[in-house]
Every structure is written in C-alpha cells, then in structure tokens.
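> fold the stuff below for me.
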Amino acid sequence: MMLRHHQLATIPVLASALLATPAYAMQEDKFQLLHTIYQEKSLYRNILVVESEDGSYRCMKFGRLHARQTCIHLMQPQRLVLNYTKGLLAALYMAPAPRKVLIIGLGGGVLPMALHTLDAQLEIDTVELDPAVVKVARSHFRYQENAHVRTHVQDARVFVRQQQRRAAQYDVVLVDAFDRDYIPEHLLTREFLQQLHSLLTPNGVLAANTFAAGALARHEAATYQAVFGQLYQVELHGGNRILFARRDGLPPLSAVQHHAQAWEQRLALFGLSSADLLPRFSLQPQAVGVKVLTDQYSPSNLLLP
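Predicted structure coming up:
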C-alpha cells in the first residue's frame with residue numbers, strides 16, 4: 001500500500017528533525033572471543049559457544065569463521081549485545097500493544113526472552129529448524145519456554161502454512177533466519193512473504209534482518225516491496241539492515257516517534273534508545289531493475305555479498 005500524501009509530507013520534516021539531533025554511534029559491544037566452551041555438530045551446522053577472555057561475553061557461532069549469531073553479557077543478561085537484535089525490537093515502535101508474536105529463527109533465544117521480560121502475558125511462538133540450536137539456547141543462553149513462550153522445531157515454511165490453515169494471526173513477526181554465509185532460499189521469496197502477510201493482524205508489523213549492501217540487498221527490497229508496498233529501513237553498523245513493513249501500509253514517522261517514546265523506559269532495560277534508532281529510520285528506496293525473488297527464481301545464495 002502506498003503512503004497517503006499527508007504521510008509522505010510528514011517524512012522529510014520529521015526525518016530532518018531527527019537527523020538534527022547529535023550523531024549516535026549505535027556501536028555493538030567490542031570484545032574478542034577466545035575460548036570455545038562447547039561445540040556440537042548438528043545435522044545442519046557446526047555450533048560453537050565461545051566466551052571472551054574475561055568471561056563477560058558468551059556467543060553462539062555456526063562455525064569458527066562465521067559471524068556471531070547470538071551474544072549475551074553474562075553479568076547483564078537482559079542487555080542486548082548485537083545491534084541487529086536491537087533493530088528488530090524496534091518493531092515495537094510500530095506495534096504499540098502487541099499480544100501475539102512470531103519469531104522465525106531462534107539463535108540463542110535473546111529476542112523471545114526480551115519480549116517475555118517486557119510482557120509475561122505476551123504469546124510468543126518461535127520457529128527453529130535445528131533441534132541442536134534449541135538445546136544449546138537452553139543450556140548456554142538461558143532460554144526458557146513456558147505456557148506463553150513456545151518453541152516449534154520445524155521448517156518455518158511448514159509452520160506458517162499450518163498457522164494459515166488455523167487462521168492464526170500475529171501482531172508482530174520477526175524474521176531472523178539468515179546469516180552472512182547461507183540463506184534458506186525458500187524463506188526469501190514472494191510466496192513466503194505473502195504467507196506471512198496473511199498471518200498479520202490489520203495493523204500487524206513485520207521486521208526482517210537483511211543485508212544492507214550488495215546485489216542481494218536490492219533483491220530483498222524488491223521482494224518485500226512486491227508484497228508489502230513501501231517499507232521503512234534501519235541500517236546498522238556491521239552490514240545489517242532491518243526492513244519494517246505493516247500489513248495495511250506504513251504509519252507516518254510521527255506515529256513511530258510517538259510510540260517509541262511510549263516504549264522508551266521499558267526498552268532501556270535492554271540497552272535500546274530511541275535516540276539511537278529513530279535517526280536511522282528512513283523509507284526504503286524503491287528497488288528498480290532487479291527481479292523479485294520467487295519460488296521459481298530464488299538464487300539468494302549466489303547473490304550473497
């Protein structure tokens with residue numbers, strides 16, 4: 001859905017006001033991972049749990065040369081360490097009163113745990129293909145399920161189809177199923193995003209962790225735009241870009257700012273600040289000259305930067 005003229009007029013004014021604020025670094029914690037404390041080869045990947053020399057930080061990695069999937073500060077476990085997790089939680093700026101959340105990709109479970117801390121009555125479904133990842137999240141990253149926090153060990157596409165048949169709906173969907181070296185191609189197609197669109201409530205929000213540069217970034221944008229229309233983007237240090245969509249069209253940035261202020265005190269617990277994130281919100285430029293990724297055309301891994 002296209003933005004209305006009064007919404008479009010709001011964007012340059014508010015964006016200018018936000019960018020006039022002091023520059024915020026939004027840097028991730030800097031630390032060197034030296035000690036492997038656990039390793040497991042699952043059916044899908046080599047899972048490593050690595051700690052910093054002083055024992056303050058613990059991270060999950062998929063192979064020694066891969067990027068960090070999840071990190072926690074052991075003395076401050078509620079604080080979000082990686083920028084992309086903070087960016088994904090900014091979906092709450094567009095969903096002021098969520099009741100049900102779907103998370104695709106578990107990692108160490110920091111996102112469902114953060115959401116559960118925010119609201120213990122929030123219904124959270126997390127889908128993870130690899131049972132070994134779930135086991136390591138429980139044993140090394142303090143991930144805990146209960147009546148409101150549920151883990152579904154299966155392919156996300158299968159789970160989404162099942163939820164469609166049940167007419168399930170979610171206020172927020174967070175997509176975090178990719179890394180720098182591999183993408184499940186069937187989770188980055190127009191058809192899959194159409195399925196996710198059907199699960200959203202009327203004001204439901206989708207936030208996806210994507211690439212900020214390279215050929216794949218343009219194809220990602222084109223594919224999300226083909227389903228949702230206009231998008232907001234938040235670019236983060238480290239090569240991550242969070243795309244935000246809403247089922248029935250984007251709210252104006254003034255509404256995003258208003259809801260961000262309402263969340264400010266509660267999200268500060270996790271190290272989030274609207275002063276960091278709001279200046280990064282902008283409209284995702286329309287992707288032109290690139291093909292939409294579909295179930296018939298999905299060369300995502302060939303497009304990796």
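> mind listing what's buried in stretch 215-235?
For stretch 215-235, burial by neighbour count (16 or more other CB atoms under 10 Å) applies to 216-225, 227-235. The C-beta positions use only the backbone N, C-alpha and C, and glycine is treated the same way.
> now do the end-to-end distance for stretch 164-173.
In stretch 164-173, first residue to last residue: 14 Å (CA to CA, to the nearest Å).
> just to revisit the earlier point, out of the buried residues of stretch 215-235, which sit inside strands?
Among those, DSSP state E puts 232-235 in strands.
> quick one: least confident of those residues?
Sorting these by pLDDT puts Glu235 at the bottom of the list (91).
> that residue: what's it in contact with?
Going by CB atoms under 8 Å, 6 or more residues apart in numbering, Glu235 touches 212, 241, 280.
> dump those residues to a markdown table, plus neighbour count and secondary structure.
Below are the contacts of Glu235 laid out as a markdown table (neighbours: other CB atoms under 10 Å; DSSP: H, G, I helix; E, B strand; the rest coil):
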| residue | neighbour count | secondary structure |
| --- | --- | --- |
| Ala212 | 16 | coil |
| Arg241 | 21 | strand |
| Arg280 | 19 | helix |
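> Tyr84: which of those is nearest?
Comparing the contacts of Glu235 against Tyr84 with CB to CB places Arg241 closest, at 9.0 Å.
> so who does that closest one touch?
Each residue near Arg241 by CB under 8 Å, 6+ apart is listed here: 210-212, 217, 233-235.
> make a markdown table from those and add distance to Val256 to it.
Below are these laid out as a markdown table (distance: CB to CB, whole Å):
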| residue | distance to Val256 |
| --- | --- |
| Thr210 | 19 |
| Phe211 | 23 |
| Ala212 | 20 |
| Ala217 | 22 |
| Gln233 | 13 |
| Val234 | 11 |
| Glu235 | 16 |
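> tell me the one of those residues nearest Ala287?
Checking the contacts of Arg241 one by one against Ala287 (CB to CB), the nearest turns out to be Ala217, at 8.9 Å.
> against Leu236, how distant is the nearest residue to the closest one once chain neighbours are set aside?
Distance criterion CB to CB, 6 or more residues apart in numbering; nearest residue to Ala217, sequence neighbours excluded, is Phe211 at 4.4 Å. Using CB to CB, to the nearest Å, Phe211 is found at 11 Å from Leu236.
> equivalent analysis for Ser300, please.
To Leu236, Ser300 is 20 Å away according to CB to CB.
> ok, Tyr93 touching Glu264?
No. Counting by CB atoms under 8 Å, Tyr93 stays clear of Glu264, with 10.0 Å between them.
> between those two, which contacts overlap?
Here Tyr93 and Glu264 have Ser274 as joint contacts, going by CB under 8 Å, 6+ apart.
> look at the two and report which has more neighbours.
A count of neighbours by other CB atoms under 10 Å puts Tyr93 above the other of Tyr93 and Glu264, at 30 against 14.
> the more buried one looks like it's in a helix, true?
Yes. Membership of Tyr93 in a helix is supported by DSSP: H, G, I helix; E, B strand; the rest coil.
> contact partners for the most centrally placed residue in the chain?
The residue lying closest to the centre of the chain (CA atoms, centre = their mean) is Leu88, at 3.9 Å. By CB under 8 Å, 6+ apart, the residues touching Leu88 are 111, 174, 176, 207, 209, 242.
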